[in-house]
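Let's see this in three dimensions:
(one chain, ligands or ions: 1)
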Amino acid sequence: MLPPRRITIVEADTPPLRLPWRNLVLAREGNEDWAVAFRCPCGCGTRLELMVLQEVKPNWSISIEQGGRPTLSPSIWLKSGCKSHFWLRNGKVIWI
Ligand SMILES: [Zn+2]
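The predicted structure follows:
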């Protein structure tokens, strides 16, 4: 079993182009969270970028548990490519 995924916070309004293999990156400017980026957990490598800024639609809400383990809501559903559909809870991917 691999350990739970963690999230790294970068001071920016967009996540970096280069992403870690498993972990997530949160772009935060000041005290405003903008976007989360990570690679699709199915292994296809697709870059996923989700807005967490509440003023835009669609947006996700994020909470970060102790140890940097992220929870995202609602679920993530890719409409093309691998069509993965999953929840990310407490750093763990739950496939639907
Ligand atoms: Zn995928």
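
The protein: strands as residue ranges?
For the chain, the strands defined by DSSP state E cover 7-11, 24-29, 32-39, 47-51, 61-65, 69-77, 85-89, 92-95.

Output the contacting helices and strands for the fourth one.
It refers to strand 47-51. The contact analysis (3 or more Cβ pairs under 8 Å, 6 or more residues apart in numbering; DSSP states H and E) places strand 47-51 against strand 32-39, strand 69-77. Just so you know, the C-beta spots here come from the backbone N, C-alpha and C atoms, and that holds for glycine as well.

what does it contact?
Residues outside strand 47-51 that contact it (Cβ atoms under 8 Å, 6 or more residues apart in numbering): 15, 19, 34-40, 58-60, 72, 76, 78.

Between the helices and strands packed on strand 47-51, which one is closest to Trp95.
strand 69-77 (10.0 Å; Cβ to Cβ).

Between strand 61-65 and the closest one, find me the angle.
Angle, strand 69-77 to strand 61-65, by axes from the mean of the first three to the mean of the last three Cα atoms, to 10 degrees: 150 degrees.
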